[in-house]
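Novice: Need a 3D model of the following:
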Amino acid sequence: MVLSKEDRVLTEQLHRFKGYGAKKLVKEFPEKKWQVCSVRRLLKKLRKIGTTSRQARSGRPRSARTQENIDAVGDLVLSQEDAPGTHHTVRHIARKTGIHRSSVLRIISDDLPLKCFKKKRAQQLQG
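Specialist: Below is the predicted model of the structure:
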């Protein structure tokens, strides 16, 4: 079970000031339904790093959604003011920039406040 932020603070304080171990913490709070191994892992992290919170830059680094790539996709996805109709499809942008198609979609929807539409051929109606 994942420990919430409040649980982490509580375990940290009890371990530091009262010297509680993992088994003692689990026994003190049976309603929380903590796993002994989870609390042990948390206490190990506390002893090693000094804090139970996540460290900066501890996750996987962004590779495709950098500001440089966002700017490149932003230039290609919108028509230029002096040349209307010069926007590109997601596949064409992916080919041109070397960014994966799903990453291009994610940049367009999350980083640029835009929606993607798929080009479809249609009949021209005579009327």
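Novice: per-domain residue ranges of the protein.
Specialist: Described in terms of automatic domain parsing, the domain architecture of the chain consists of the residue ranges 5-49, 67-111.
Novice: Tabulate the ones you listed (a markdown table), appending distance to residue 121, mean neighbour count and mean pLDDT.
Specialist: For glycine as for every other residue, the C-beta is placed from the backbone atoms N, C-alpha and C. Listed next are these as a markdown table, based on distance: least, C-beta to C-beta, whole Å; neighbours: other C-beta atoms under 10 Å; pLDDT from 0 to 100:
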| stretch | distance to residue 121 | mean neighbour count | mean pLDDT |
| --- | --- | --- | --- |
| domain 5-49 | 53 | 14 | 93 |
| domain 67-111 | 13 | 15 | 87 |
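Novice: Can you lay out these as TSV showing distance to residue 119?
Specialist: As requested, these are exported to TSV (distance: least, C-beta to C-beta, whole Å):
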stretch	distance to residue 119
domain 5-49	46
domain 67-111	6
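Novice: How are the helices of the protein distributed by residue range?
Specialist: Here the chain has its helices, by DSSP state H, at 5-18, 22-28, 36-49, 67-77, 90-97, 101-106.
Novice: and residue 46, how far is that from residue 117?
Specialist: In this view, residue 46 and residue 117 are 50 Å apart by C-beta to C-beta, to the nearest Å.
Novice: related to what we said a few turns ago, quick one: which of the domains of the chain is nearest residue 56?
Specialist: Distances from residue 56 to each of the domains of the chain were compared by C-beta to C-beta, and the smallest falls on domain 5-49, at 11.8 Å.
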